[in-house]
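> Build me a model:
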Amino acid sequence: MSLIKSNITMAVLCVALAVPTALQLQSEAESFVDVGRIPLMFDGFTADNVGSVQLAQPLDGQPTQPGRAQADTVSYKQLVLALTDAGWALSNRGRPDLPLAGAPAMKSRIEADVFEHLRSIRKDPETLVQPAATEQQLAEYGLDDAHAFVVRCFDRTGKTIVADLLVGQDASKWGKGSGDVRGVFVRQRGSNDVVLYELPKPWRRSVKPKEWVDRTLFRLEPDKVRRLAIRNGATGKRTFVFERGPNQMRWESRDAADLGAPRQAEIEGLVQRLRYVAAQSVKKPLSRAGDMQALGLFPPQITLQVTVQDGNDRRQITLEVGGRLPEKNEHFLTCSESKFLLTWPASKVAQFELDVAQRLFDPKPK
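Okay, the predicted model is just below:
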């Protein structure tokens, strides 16, 4: 009998606990947002389909009366980023005189400041600020053609637009969304619906080429470096060469019989400094660099050669350092990995201005 009472008691307790649990689950279900069901402005957008990105900023002095400025009559300062066989690069499309045309563009920034936003912009009742806005209202939001920043993506044929976005005023500077909301007003080309896009992080929008150029020249793994050659002002015309075989840690210098043993730690330190090399700035194509002798690059003041072997692949990277730029702590630089005239920080150059015979070799035993 006691067992029956115990079972009844347990059943009552289970029912009593089940009611609040069910209510809690129902409440959570009502507040749960299924990300996959959120209406997006560019539903299905993927960077895999994009072959070029056009960024355009209207020039000052555009027509100010609503309805007077149309996209085909507005003058823009624009920048086109195009996907090439070698990766993303700056294009001279729309800017035939662009000095940095062909320079590599930062893939990471294109992803962060273009694609990520196009994938994230919602268009639902919660984000819709003004449906079917008039021309006057679009101008107030900074979304008329005369003021809106344009982000346009084409497919890989360059003929079909896969996303066309107009970006207007910062919401914090406008009447709505001020204070607690960090975002901008946006609309899709062809629609007058004004949407508030709450930014998950700052959105850098720019048509300045230098802000998109990838200044990285190369990265290497020090343990895969097989050869290091250096010539500078201290060595005169002599090039010092350090080599090591696969799976070997010790550096040797075959043409330095007049010197002592190579100092392993110091040589390895130089190799480590070449692990990641980036230019300070990208100036212009080498074909338009002008007098290389005047730049201190013919002959160069410092020549560095690094040979890297990864399996059966072997490549040689050459850096040539020239004279110092006037009133700047930078030196002119060329690199076999780039077709552009570059600059390199003076602090980096100083690391390779050493007296090789004195610093990288022990004294020769008497």
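
> For this protein, give the strand that spans the most residues.
strand 313-324 (DSSP state E).

> Distance from that one to the middle of the chain?
Offset of strand 313-324 from its chain centre (Cα atoms, centre = their mean, to the nearest Å): 23 Å.

> Sheet partners, orientation included, of the helix or strand just after it?
Going down the chain from strand 313-324, the next helix or strand is strand 330-335, by DSSP states H and E. Using DSSP bridges, strand 330-335 pairs in its sheet with strand 313-324 (antiparallel), strand 340-345 (antiparallel).

> Which residues does strand 330-335 contact?
Applying Cβ atoms under 8 Å, 6 or more residues apart in numbering, the external contacts of strand 330-335 come out as 217-218, 277, 279-281, 286, 295-297, 300-301, 317-325, 341-346, 349. (C-beta placed from N, C-alpha, C; glycine too.)

> need the contact list for the closest residue to residue 323 other than its chain neighbours.
Closest residue in space to residue 323, ignoring its immediate chain neighbours: residue 296 at 2.7 Å, by Cβ to Cβ, 6 or more residues apart in numbering. Residues in contact with residue 296 (Cβ under 8 Å, 6+ apart) are 322-324, 331-332.

> can we see that at 7 Å?
By Cβ atoms under 7 Å, 6 or more residues apart in numbering, the contact list for residue 296 reads 322-323, 332.

> who wins for neighbours among those?
The most crowded member of the contacts of residue 296, judged by other Cβ atoms under 10 Å, is residue 322 (26 neighbours).

> What's opposite residue 194 in the beta bridge?
Bridge pairing for residue 194 - DSSP bridges - gives residue 130.

> circling back to that earlier point, give me the mean pLDDT for the longest strand of the chain.
If you average the pLDDT over strand 313-324, you get 97.

> Nearest to residue 241, out of the strands paired with strand 330-335?
Closest of the strands paired with strand 330-335 to residue 241 is strand 313-324, at 12.2 Å (criterion: Cβ to Cβ).

> list the buried ones in the closest one?
317, 319-322, 324 (16 or more other Cβ atoms under 10 Å).

> Touching that strand from outside, list them.
218, 295-297, 300-308, 331-337, 344, 346, 349.

> quick one, the host helix or strand of residue 305 and strand 313-324 angle?
Using DSSP H and E, residue 305 sits within strand 302-310. Here strand 302-310 runs at an angle of 160 degrees relative to strand 313-324 (axes from the mean of the first three to the mean of the last three Cα atoms, to 10 degrees).

> roughly how far is strand 302-310 from the heart of the chain?
Distance of strand 302-310 from the chain centroid (Cα atoms, centre = their mean) equals 26 Å.

> One more: stretch 206-225?
Averaged C-alpha coordinates place stretch 206-225 at 9 Å from its chain's average position (Cα atoms, centre = their mean).

> For that stretch, give me every contacting residue.
55-57, 77-79, 81, 90, 98, 100, 103-106, 109, 271-272, 274-279, 282, 306, 308-310, 317, 335, 337-338.

> do stretch 39-51 as well
For stretch 39-51, the surrounding residues in contact (Cβ under 7 Å, 6+ apart) are 82-83, 111, 115, 118-119, 121-124, 153-158, 162-163, 188, 195.

> Which ones among those residues lie within helices?
118-119 (DSSP state H).

> And the buried ones among the contacts of stretch 39-51, selectable in PyMOL?
Here is the PyMOL command that picks out the buried ones among these, judged by 16+ other Cβ under 10 Å:
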select buried, resi 82+83+115+118+119+121+123+153+154+162+163+188+195
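
> Tell me which of the contacts of stretch 39-51 fall in strands.
The members of those that map onto strands under DSSP E are 82-83, 153-155, 162-163, 188, 195.

> For residue 233, state which of these is nearest.
The nearest one, if we look at the ones in strands among the contacts of stretch 39-51 relative to residue 233 and count by Cβ to Cβ, is residue 82, at 41.2 Å.

> Residue 230 touches residue 306, doesn't it?
No. Using Cβ atoms under 7 Å, residue 230 is not in contact with residue 306; the gap is 9.7 Å.

> what's the domain layout of the protein?
47-211, 216-359 (automatic domain parsing).

> Make TSV from those and add distance to residue 41 to it.
Listed next are the domains of the chain as TSV, based on distance: least, Cβ to Cβ, whole Å:
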stretch	distance to residue 41
domain 47-211	4
domain 216-359	33
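
> Save the buried residues of strand 313-324 as a markdown table, and put in distance to residue 253 too.
What follows is the buried residues of strand 313-324, written out as a markdown table (distance: Cβ to Cβ, whole Å):
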| residue | distance to residue 253 |
| --- | --- |
| 317 | 20 |
| 319 | 20 |
| 320 | 21 |
| 321 | 22 |
| 322 | 26 |
| 324 | 30 |
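
> So what touches stretch 359-366?
For stretch 359-366, the external contacting residues (Cβ under 7 Å, 6+ apart) are 256, 258-263, 266-267.

> try 6 Å
The contact list for stretch 359-366, computed with Cβ atoms under 6 Å, 6 or more residues apart in numbering, reads 259-263, 266-267.
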